[in-house]
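1. Model the following, please.
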Amino acid sequence: MAKHIAPGNPAQINLIAAGTELEGTLNAKDDTRVSGKLKGTLRVDGKAIIAQEGSVEGEVHAANADVAGHLLGEISIKGLLVLKGTAKVEGTIRTTRLIVEEGAIIDGNCQMGQLDKSRAEALKGNLSNQGPKQPGTITNPKKSAFSMTSGD
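-> Now for the predicted structure:
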């Protein structure tokens, strides 16, 4: 028996295909998949997906995101950020929730949870007062924020 599909537009996925390079700002209401290269800013009301062959140099702002490719810059996610085992993130991560699969590389800072401004400044001060970070270590592993470096 066939299912009845309600009228209306199904959710669309915007695509920057492999072999495509885009420079500038992309604003999207629906989920967006980057399989090519984006240099600039990606703003997505839905989910931002950076495929294994995809790369973003700049900023990503989205409700949720899956990263399997390379990100150089900042990523700000209101909900869940999933870093797949092939992901490489160089820069700053801001998210409410984070899943990191084995093999993912983070080289930069990560802020999790909802921080008020005074708490964020206090954590930032604590991190800057620490000595040099050793490869593969997590410093200041508190509930709300931490900084991580990778040996790569």
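2. And the strands in this protein?
-> 13-16, 21-28, 31-34, 37-50, 55-67, 70-83, 88-100, 105-112, 138-139, 145-148 (DSSP state E).
3. Against residue 62, how distant is residue 24?
-> Separation of residue 24 from residue 62 (C-beta to C-beta, to the nearest Å): 17 Å. C-beta here means a position set from N, CA and C on the backbone, and glycine is covered the same way.
4. Residue 113 now?
-> 17 Å.
5. In the protein, what helix or strand scores lowest on average pLDDT?
-> For the chain, using mean pLDDT, DSSP states H and E, the weakest element among its helices and strands is strand 138-139, scoring a mean of 44.
6. quick one on the thing from earlier: deepest-packed of the strands of the chain, please.
-> Of those, the one with the most neighbours on average (mean count of other C-beta atoms under 10 Å) is strand 31-34, at a mean of 23.
7. In terms of secondary structure, what does it contact?
-> Counting contacts by 3 or more C-beta pairs under 8 Å, 6 or more residues apart in numbering; DSSP states H and E, strand 31-34 is packed against strand 13-16, strand 37-50, strand 55-67.
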